[in-house]
Every structure is written in C-alpha cells, then in structure tokens.
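In: Mind looking at a prediction? Sequence and model below.
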Amino acid sequence: MTITGSCHCAKTTFQIDGGIPDALTRCTCSFCAKRGALLAYYTPAQFHVTSAAPDDAIYRWNTNLVAHHFCANCGCATYSDSPAFEMDGSWDQHTRRIGVNARLFDNFDAAAAHVEVIDGKNLW
C-alpha cells in the first residue's frame, strides 16, 4: 500500500510505502501538545518527501536529536525524524523513525482513527 499526503498549501508532499497503523499516537510533551499532530510511525526507508526542499523548515529543541519538519509556507507540521526511543527513554544510538502527521494523509480522517496517548509530559 502507498500513502500520499501534503501540507495545506501542497508545497510539501510525501509518499509512504506502507499502510496506516492500527493506532495513531498523540504525545503530551510540551511541544507535541501545542503542535496537535496525530503521528503514524514508519522507518526512514518507507518515507519519501516528493516535493522540492525550499519550503521544508525544521525546528529542533533541547537535545537537537529530533528534527520537527513543517511547511515554511503554510505552517503545517509535516513529520519528525527522531531516534527510535524506547518508552524508558533509551535509544540504541542508531535506529531512527519518522513520525508523520496523519492529519495530512490524503483521503483519510485521522480524527476518526484509534489514538494511543504517550505521556511525554512525564516521560522525558
């Protein structure tokens, strides 16, 4: 299955080689709570940005290990490239994952999907 999606202005577009997960993730950390994305996770090999890079902007904070991408034109949160952290905060120092904002998937209602909450406010 292939998933496609874009930000509001469609200057940032992407394609995912994979299906929609059984559950999306909502994180309660200070950044994610303000951002409001519902995340679907994939390996870096599954995720492909299909538009030109000039409108891709990145926000990093704290450890700078996570690159939060957003469209510089319309401001939509698009995806985050992060270490594949375990729930205890550990990381093997190698494996990464892409958290894609499922609200941007074409022909998909993320608000109707099953959502699991990660207590990022208290975990890290």
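Out: Thanks, I have the structure now.
In: which sections of the chain are below the confidence cut-off?
Out: 124 (pLDDT under 70).
In: That one: helices as residue ranges?
Out: For the chain, helices defined by DSSP state H occupy the ranges 30-35, 120-123.
In: Can I get those helices in JSON lines including distance to residue 62 and mean neighbour count?
Out: From N, CA and C alone the C-beta is placed, and that goes for glycine too. Shown next, in JSON lines, are the helices of the chain (distance: least, C-beta to C-beta, whole Å; neighbours: other C-beta atoms under 10 Å):
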{"stretch": "helix 30-35", "distance to residue 62": "9", "mean neighbour count": "14"}
{"stretch": "helix 120-123", "distance to residue 62": "12", "mean neighbour count": "12"}
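In: For residue 105, find the nearest of those helices.
Out: Smallest distance to residue 105 across these (C-beta to C-beta): 16.5 Å, for helix 30-35.
In: export the helices of the chain to JSON lines and tack on distance to residue 63?
Out: Formatted as JSON lines, these follow (distance: least, C-beta to C-beta, whole Å):
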{"stretch": "helix 30-35", "distance to residue 63": "12"}
{"stretch": "helix 120-123", "distance to residue 63": "14"}
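In: of all the ones you listed, which lies closest to residue 112?
Out: helix 30-35 (19.9 Å).
In: list the helices and strands that closest one packs on?
Out: helix 120-123 (3 or more C-beta pairs under 8 Å, 6 or more residues apart in numbering; DSSP states H and E).
In: at 6 Å instead, please
Out: Using 3 or more C-beta pairs under 6 Å, 6 or more residues apart in numbering; DSSP states H and E, no helix or strand is in contact with helix 30-35.
In: Could you report the neighbour count for the closest residue to residue 79 other than its chain neighbours?
Out: Excluding the flanking residues, the one nearest residue 79 by C-beta to C-beta, 6 or more residues apart in numbering is residue 100, at 4.6 Å. If you count neighbours by other C-beta atoms under 10 Å, residue 100 ends up with 27.
In: Okay, residue 100 and residue 89: tell me how far apart.
Out: 22 Å (C-beta to C-beta, to the nearest Å).
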